[in-house]
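starting from these lines, generate the structure:
(chains A and B)
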Amino acid sequence: MATVSLDDLSSIARGATEPAQSSRYTPRPGGVDPLGLRQINFDLMDQVIPGLNNVAGHIRPFTVVCWAWRRAAECARDTGRSHVDVSELRDFVNRIEVLFAWSQFLLNPNADLPGRDVLAPLVRSGSYRFAGSEWKKRKEIREYSTALSAPVNYGPALKTFGWLQPDSERTGAMIPSPHVQQAIDSLYLRISAHLHHPAFSSLGEVTVEADSVVDWAKIWVLDDPSEMERQAMAETFFGEFSALRSGAELIRATVNYLSSSEDVVAVRQAMCGKPSQFTVPDELSEVSEKWRKLQVRQLFRFALEALFHWCIQQLDDGPKTTTRLVQLFLNEAGVRETTQLWVDEALDVATGPVECIEQLQTGLFGNTIDESLPTIIRRCLSTSLSESPRDCGLQQHDRLPNGRAASEMKRFADRPPQEFLSHVFESWIIGQHVYWAVGRGLSDARARDKMILRLKVILEEHGWTLAPGVSASNRNAPNPTPDRLATALSLLRESGSIA
Amino acid sequence: MRVFSTLDLLTAHDWTHALFTTYSLSLSFFESVVLDALVRQRVESSRIFADLDGVRGALSEYGARSAGRLYDVEPVAVTAGCFHPKLTVLVSAAEAHVVIGSGNLTFGGWGSNLECAEHLHAGFAADAIEDVASFLEAFAVTKRAKHVGATACFEVASRLRKVASGGHRSGQIRVIHNLDRSLFEQVEEAVAELRGAQRLAVVSPFYDDSAADTLRARLGLEDVALHVHEAGTVRGTTGSSWPFPQPPSVRAVTAEWAQEPEPRALHAKVFEVLCRRGRILISGSANATCAAWSGNRNVELCVVRTQIATADKWILVPTGCPQAQTPQDAPEAVPEHTEGILRAAMEAGQVQGLILTPFPAENVRILRVSAAGHVDVGETSVDEQGHFHFPAGNLELQGWSNERFLLRISSKDGHSASGFVSFPELTEIRTRLGGASSSFFNLLLGTETPRDVAAIMDWFFEHPTEISPKPMIAAAAAGGTQTGGTIVEVSTLFKPPVVSSDVFRMSTNSGQAWGRFLESVLQCFREQRGSMIEGIERDEGEADSETEQQSEPTDSAELRRPLSAFERLLEVLLNASPSKVDIGLALRITNYVCDRLDVDALTVGHFLNRLVDALTKYPPKESDEAIAKASVLLWAAQLNHQSDRSLARTTRSVLLRMGLAPSGEMPDPQLVHGFVRQLRPNVNFSELWSKACTLRVPQEDIRAYRTEPGIQLVESAFPALSNTAEWPALKKARRQDVYFLRKYTDVCPKCFQRIPTASAYQLKINGITTHCGKMLLCEEL
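As a prediction, this is how the structure comes out:
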């Protein structure tokens, strides 16, 4: 880690004739989820749309990766060897993933696939050799970032949807599940004319010409799944034992009510129930409640992150104490005699959690002239707290569950909102922020991982101050965490399950 | 002037001990920057001595959480001034380095402000290192400052002396403090040795109305040059950026060395005295104030460089005098009450504390302060010296946890004091844990990495008696299973794993302190923490929008390593001698590992099978019944079943086999959150539990039939048995033709012939079959 050795520093000190000036501290700023609240949102998403993320929105990549594993096994068998190193199989799958993405970017530079930027040089090149140090480095980078199988892309869904299973010895090899064999067969059929190409028929080193990739582009077009692929995905969502079933049924019922799935926000709102006119069928009321609970959490987190962003903007012109921040906030958001009145007055029966999220998003990016950001934040905070449960269940206390927040708010119910907001700023905002920023930093330190300064607000002699390198720009304004609905809708549309 | 970074020095060597002194203290800065570096360097012990004002500020930082655990904060109350030294001491077995400067432990002090710093080590300034040792020894016993860190001061002083003893001495660089004598006197003496002063120049952010002029007069000079800083000075709570009213002897200059292309606010304090036979440079914590330079107010620490017959001197450019600075913001209301400061330690089940600020001797309430608010933990009394103590009780368990630990005491008449609590027993605990100690503390803090999990599992594997009060050596010696290697048999790649009935439903879709510490560790396995793998990916690797970006690859082997270590441990846990198997513990650790490491569903199912199987052999303790029941429910939810009824019957059967009553409230599936999250069962647990509670299994009926000989064989009395195909035959059979079996066997106890497979299956599943003209009834579940 050290950039200067102790010998060098000792030698410089020995030769010095004067005291030194302190060098500037130039941290590498970074970090997401500044208040550490997000894990609870993910847990709540898991209760409605488990196993999916916000990336895996097309059926074809599922089939391509499954086919790649099956084909890798066949290639291994064709070598005549009884055993094969799993890394050779992975190498083949990696190659197929790259060829698929490469071909789709040739067909459509804006194809909805990960890796557009990193594959750009490849897309422009005349050929590529799948071997050597460049390929090795590319594979290493892709493994946790742009590979289709990466944990941030299709990797989790491929496994949790049961399209791929680990082999029984858990060597790291994957095996396509029997129930998606027909989907794979349908892709097999499309590729069959090209199977003779070494890229599809051998393990190890292969060089592929761009012309070949152009030829392959149309045989596995990203958004044109076969009937078998559609059926496999529909079974994934609606199969008898599918954990996605109740969530998918709710989505389908909502889309049927709206007669369209194009407007994701409208679907999200209606799935929550009131104030939407959509009456959720009784058998789906439980999952609808879970969805609403998720949206309330989404709103709570978004409201606090917006407040944190507002706080950063206030500190841009110099340090401020908590008292001053509270004063500035209430000057715009309005004051009442007690916290309970302050909360109740901000509620609006015509505005549900999803509507609040939309308003806050508009307010954050300065697209509203009717209301100040603090006023919107007040409404969002009040709405989320008024719908929060009274207990936290087993949710992690330090992730600030809504139940904990609601019970803490109750303690201030009869006291002035200034006291409540002081608590919000010091504990829910800055306390949470420092706790997670420092905690994650120390985790990195223990793992001797990269050093990132996640801290954005610090306490210095004159109050809360921006940490070095922190920008108050609106470009850093928060967004609500995507709730997987868009990807679920996309997959359901492609599978023909919804309009 | 050259630049220097204390952070560079921190990360340049594997130090063992670190000690810091400061006036202002930002714990969020310390933990995110300095502690980060200390952790990277595996520094064993770190301690901060800070003025009460600094500690007071640090107490309001809810997020900083490691004080008392990873480092200690020692508040210092100075009788008539403040504790102002800015000292960093870094030692190892072979090295002793100190940095003495003007920067506090804040972002400002470590780079945002223009500060000065002297880096000294025994290689050229052993006498200065010994001076620092003398300062620490004097500070440990001085009556001018109240603190409880004397032992630490002596220990560090001793280490400094040890390394300095073999060092090089020139006598030209010395460290001075004002615990015994004023800085005025000491500088005056040093100047006299160089035959008197010819010029005095001062760079300081703060002045009072007389100190600079007093020093000038004591050195026999006609004037004194004060630096005017282009970017202004750091704002302070006391003092002014210029002596107002300005004495006639003062002239304004700009010291060339303090000019920067991108100027920073000045906080450096450096004095240059040009003498007849050389030059003296004084730098460190002392501002140009009498509070700093006298011998009875602030505690200060400075480095004095004596340069004989040198031509070096500052270039001073005359400039205009500055205007007095006015406050930027409207002043805020001054708080009516200033919180007192205490210092406490938790040891041997007791909390011992000292209030460092004036406090009346009286009874007080004790509160634990957390981000969520104050929790009343009891009452105690404060004596006239400010001492208090009370039994730690449950506080100790909370102390190991991941929140910061603050105590507040308050009296009925409105006096209150707050402060950090330290845990001296952590030293012993660290010793016992050896190299795994940081991993255990990460677990307690909730910041463990996969590497930490591997280290913890390895440690328990190597110390099996610690996780459970009984030895499990035999099992450990037997060795554990190995996870698969990286070579795979090609033929297996065409065979999907057999998973249907088990898992993967988605495919069809030291004492007392040591004991208490271990208890806290085991408590971590009960918490619902979520995936650390997801955390790595979601929190750090990817933005919310999950837009494409290149992230540094994570070593996948690193992720497999903890799982492998856990599997080894699980073997030990489940293969102990029967009386020593702690099945509840095995369940919790497995659940924790599945949750944190995001173990794949197939493996989770495998673990669950093993555990349920073990539960039938080693019934759980009463305190583990809930988690055992939840595990069985989840296990059952993975089974292929013909009907909900048959599933419920299987569930009940297994529960009864474990000696668990299928009754009462449904066990919370979240108790096995880690399993649930991976297996994603699509079963209505409430219905399953309800049915399992109400249904009877045939074996229960058989037992009832055996134990109540006179009972009528009617459907209502034997609801399960009456559903079997043999029921009509049983009803007709004479009692002497009925043969009861306590344990299942596929050999007929009457004719000693093997029972045909189909009949044996019936006997095993439904507990009833016919053979050689007899009715065989088996009550084994």
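
state the mean pLDDT of stretch A:481-497.
Per-residue confidence for stretch A:481-497 averages out to 95 on the pLDDT scale.

off-centre distance for stretch B:87-105?
Relative to its chain's centre, stretch B:87-105 lies at 25 Å (Cα atoms, centre = their mean, to the nearest Å).

got the buried residues for that stretch?
Under the neighbour-count criterion of 16 or more other Cβ atoms under 10 Å in any protein chain shown, stretch B:87-105 has B:87-92, B:95-105 buried. From N, CA and C alone the C-beta is placed, and that goes for glycine too.

those residues in strands, which ones?
B:Leu87, B:Thr88, B:Val89, B:Leu90, B:Val91, B:Ala96, B:His97, B:Val98, B:Val99, B:Ile100, B:Gly101 (DSSP state E).

pairing partners for the third one in the sheet, please.
As for beta bridges, B:Val89 partners with B:Leu19, B:Val98 under DSSP bridges.

isn't it right up against B:Val132?
Yes - distance between B:Val89 and B:Val132: 6.8 Å, which falls inside the contact criterion (Cβ atoms under 8 Å).

show me the common contact partners of these two, please.
Listed as contacting both B:Val89 and B:Val132 by Cβ atoms under 8 Å, 6 or more residues apart in numbering or on different chains are B:Val98, B:Leu160.

ok, how many other residues are close to whichever residue of the stretch 551-700 of chain B sits closest to chain A?
Closest approach of the stretch 551-700 of chain B to chain A (Cβ to the nearest Cβ) occurs at B:Arg680, with a separation of 3.9 Å. The burial count assigned to B:Arg680 is 21, neighbours taken as other Cβ atoms under 10 Å in any protein chain shown.

can you tell me the closest non-neighbouring residue to it?
With sequence-adjacent residues excluded and distances taken as Cβ to Cβ, 6 or more residues apart in numbering or on different chains, B:Arg680 is closest to A:Ala243, at 3.9 Å.

was I right about that neighbour contacting A:Pro50?
Yes - A:Ala243 sits in contact with A:Pro50 when judged by Cβ under 8 Å, with a separation of 5.1 Å.

neighbour count winner among the two?
More neighbours sit around A:Ala243 than around the other of A:Ala243 and A:Pro50, counting by other Cβ under 10 Å; the figures are 25 against 20.

isn't B:Asp53 up against B:Ser60?
No - taking Cβ under 8 Å as the contact criterion, B:Asp53 and B:Ser60 are not neighbours in contact, 11.8 Å apart.

please tell me how far the residue in chain A positioned nearest to chain B sits from A:Asp444.
Ranking the residues of chain A by distance to chain B (Cβ to the nearest Cβ) places A:Val434 first, at 2.3 Å. Noted for A:Val434: a distance of 16 Å to A:Asp444, by Cβ to Cβ, to the nearest Å.

of those two, who's got more company?
More neighbours surround A:Val434 than the other of A:Val434 and A:Asp444, with 30 against 20 (other Cβ under 10 Å).

flag every buried residue along the one helix or strand the more buried one maps to.
Here A:Val434, judged by DSSP states H and E, is contained in helix A:432-446. Buried positions in helix A:432-446, judged by neighbour count with 16+ other Cβ under 10 Å: A:432-446.

which residue is the nearest non-sequential neighbour of whatever residue of chain B ends up closest to chain A?
Among all residues of chain B, B:Gly63 sits closest to chain A, at 2.3 Å; criterion: Cβ to the nearest Cβ. The shortest distance from B:Gly63 to any non-neighbouring residue, by Cβ to Cβ, 6+ apart, is to A:Val434 (2.3 Å).

I'd assumed B:Tyr62 was in contact with that neighbour.
Yes - with contact defined as Cβ under 8 Å, A:Val434 reaches B:Tyr62; the gap is 7.0 Å.

quick one: contacts for B:Ala37?
B:Ala37 makes contacts with A:Ala445, B:Leu7, B:Leu10, B:Thr11, as judged by Cβ under 8 Å, 6+ apart.

separate out the buried members of these.
Judged by neighbour count, with 16+ other Cβ under 10 Å as the criterion, the buried members of those are A:Ala445, B:Leu7, B:Leu10, B:Thr11.

just those: which are in helices?
Restricting these to those inside helices, with DSSP state H as the criterion, leaves A:Ala445, B:Leu7, B:Leu10.

adding distance to B:Val141 and pLDDT, write those out as JSON lines.
Formatted as JSON lines, the entries for those read as follows, by distance: Cβ to Cβ, whole Å; pLDDT from 0 to 100:
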{"residue": "A:Ala445", "distance to B:Val141": "36", "pLDDT": "84"}
{"residue": "B:Leu7", "distance to B:Val141": "32", "pLDDT": "95"}
{"residue": "B:Leu10", "distance to B:Val141": "29", "pLDDT": "95"}
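
from these, pick the one nearest B:Leu763.
A:Ala445 (62.2 Å; Cβ to Cβ).

that closest one touches B:Val39, doesn't it?
Yes - the criterion here is Cβ under 8 Å, and A:Ala445 meets it with B:Val39 at 4.0 Å.

so where's the chain shaky on pLDDT?
Just so you know, I chose chain A. By pLDDT under 70, the low-scoring segments of chain A are A:1-2, A:170, A:367-369, A:392-394.

you looked at the wrong chain, it should be chain B
Of all residues in chain B, those with pLDDT under 70 make up the ranges B:236-238, B:324-337, B:371-372, B:397-403, B:427, B:467-486, B:495-512, B:533-559, B:641-642.

related to what we said a few turns ago, farthest-apart pair in the buried ones among the contacts of B:Ala37, please.
The distance between the two most remote of those (Cβ to Cβ) is 12.7 Å, for A:Ala445 and B:Leu7.

which bits of the stretch 51-200 of chain B sit near chain A?
Taking Cβ under 8 Å from any Cβ of the partner chain, the part of the stretch 51-200 of chain B that reaches chain A is made up of B:57-58, B:60-66, B:70, B:95, B:97, B:101, B:103, B:106-121, B:123-124.
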